[in-house]
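1. can you look at this prediction? I've put the sequence above it.
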Amino acid sequence: MLLFTTAAELRAYAEAERCAGRRLGLVPTMGALHEGHLQLVRAAAAACEVVIVSIFVNPTQFNNPEDLRLYPRLPEQDAAALAPAGCTALFMPAVAEMYPQPTVLHFDFGPLERVMEGAHRPGHFNGVATVVSKLFHLARPHAAYFGQKDFQQVAVVRQLVADLSFDLELISYPTIREADGLAMSSRNARLTPTARAVAPLLHRVLAQAALRVQGGVGPAEVQQHALAALAQEPQFTPEYFEVADAQTLQPIMGYEAGRAVVLCVAAHLSGVRLIDNVVVD
Ligand code: PAF
């Protein structure tokens, strides 16, 4: 596995591999890799001869400096896990390499980012779109792989790809969960044992809400019930629970045949912000 730390190295490598007729897959990450990331790397390796993984804790997508400071960083452990999963090149740039100058460009995804993560983390998707665009330009992948745990991020990146005509296939994979249902996330590493013990409640609340949606219970009632169930665990501070259209991500008032619904939740658990979602077809 090759290791690059400069944009020039990555660009030259990707260009040469493209010219040699090889298919390139890109898995953008912020490191502290878990099985969810490795699933994406394996999927990329199954479909592409060249698999580039980026590890970059992108400061521009953090609206909370403390969250950025505490974000887990495990570069050696990550590098060791990547080669067996099929990564051919790891890109680990410093902040000054990705942002040699402050960016003035601003992305606005309209209604897509006025809800949920976009509404609660101002500037978050601007930072995501900026860094993902840079990575797409440097690595010029034929396919890019993202996890559906960040459901809104996938929707935003899909919009980015369409609006900027990036010539790549956007591939997303379902959330990987621990045996007790907790969605795998790099932030889980920051949970204390007591917090970790109650963390699966987030998924249980989503699963119960999904059953209510399937049973025809109205969105407002589903939302109220879910927030009340979360509030029963004092360690949790719910931030939002939304019942939304899975395409537009806008909150819905009722159900329509043929339109999938997504249930999205964000909550703080002893200082760690967790998100999760389920899609109900
Ligand atoms: O999902 C993430 O880890 C990040 O948002 C991404 C896509 C790597 C951009 O920094």
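-> Yep, it's here.
2. where does the stretch 101-250 of the chain come near the ligand, residue by residue?
-> Contact residues, the stretch 101-250 of the chain versus the ligand (C-beta under 6 Å from any ligand atom): 128, 131, 132, 150, 153. No exception for glycine: its C-beta is placed from N, CA and C like everyone else's.
3. all helices for this protein, in order.
-> Ranges of helices in the chain, per DSSP state H, are 7-19, 35-47, 65-70, 75-85, 95-98, 116-120, 124-139, 151-163, 193-198, 201-214, 219-231.
4. how long is stretch 86-96 end to end?
-> Taking C-alpha to C-alpha, to the nearest Å, the first and last residues of stretch 86-96 lie 28 Å apart.
5. same check, this time on stretch 240-256
-> Stretch 240-256: ends 23 Å apart by C-alpha to C-alpha.
6. any buried residues in it, and which?
-> 240, 241, 242, 243, 244, 246, 249, 252, 255 (16 or more other C-beta atoms under 10 Å).
7. neighbouring contacts of it?
-> Contacts with stretch 240-256, where a contact means C-beta atoms under 8 Å, 6 or more residues apart in numbering, come from 111-112, 115-116, 119-120, 151-152, 155, 205, 209, 213, 216, 218-220, 222-223, 226-227, 230, 259-266, 279.
8. repeat that with 6 Å
-> For stretch 240-256, the external contacting residues (C-beta atoms under 6 Å, 6 or more residues apart in numbering) are 112, 115-116, 152, 155, 219, 222-223, 226-227, 260, 262-266, 279.
9. how far does it sit from its chain's centre?
-> 19 Å (C-alpha atoms, centre = their mean, to the nearest Å).
10. what distance do you get for the residue positioned nearest the centre of the chain to residue 185?
-> By C-alpha atoms, centre = their mean, the chain has its centre lying nearest to residue 150, at 3.5 Å. Residue 150 is 9 Å from residue 185, where distance means C-beta to C-beta, to the nearest Å.
11. next: residue 24.
-> 27 Å.
12. return the nearest residue of the stretch 51-200 of the chain with respect to the ligand.
-> The ligand sits closest to residue 58 of the stretch 51-200 of the chain, with a gap of 4.0 Å, by C-beta to the nearest ligand atom.
13. and the closest residue to residue 178 other than its chain neighbours, how many neighbours?
-> With C-beta to C-beta, 6 or more residues apart in numbering as the criterion, residue 178 has its nearest non-adjacent residue at 6.5 Å, and that residue is residue 184. Applying other C-beta atoms under 10 Å, we find 18 residues neighbouring residue 184.
14. residue contacts, residue 184?
-> Residue 184 sits in contact with 34, 35, 36, 176, where contact means C-beta under 6 Å, 6+ apart.
15. is there a quick ChimeraX command that grabs whichever of those are buried?
-> Applying 16+ other C-beta under 10 Å to the contacts of residue 184 leaves a buried subset, and the ChimeraX line that selects it is:
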select :34,36,176
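16. now, which of the contacts of residue 184 sits nearest residue 97?
-> Distance to residue 97 across those (C-beta to C-beta) is lowest for residue 34, with 25.1 Å.
17. quick check: chain neighbours aside, which residue is closest to that closest one?
-> Spatial nearest neighbour of residue 34, chain neighbours left out: residue 184 (4.4 Å); criterion: C-beta to C-beta, 6+ apart.
18. which pLDDT does the model give that neighbour?
-> As summarised for this prediction, residue 184 has a pLDDT of 98.
19. cool, and residue 67?
-> According to the prediction, residue 67 has pLDDT 94.
20. what's across from the closest residue to it other than its chain neighbours in the sheet?
-> Distance criterion C-beta to C-beta, 6+ apart; nearest residue to residue 67, sequence neighbours excluded, is residue 273 at 6.9 Å. Beta bridges link residue 273 to residue 268 when assigned by DSSP bridges.
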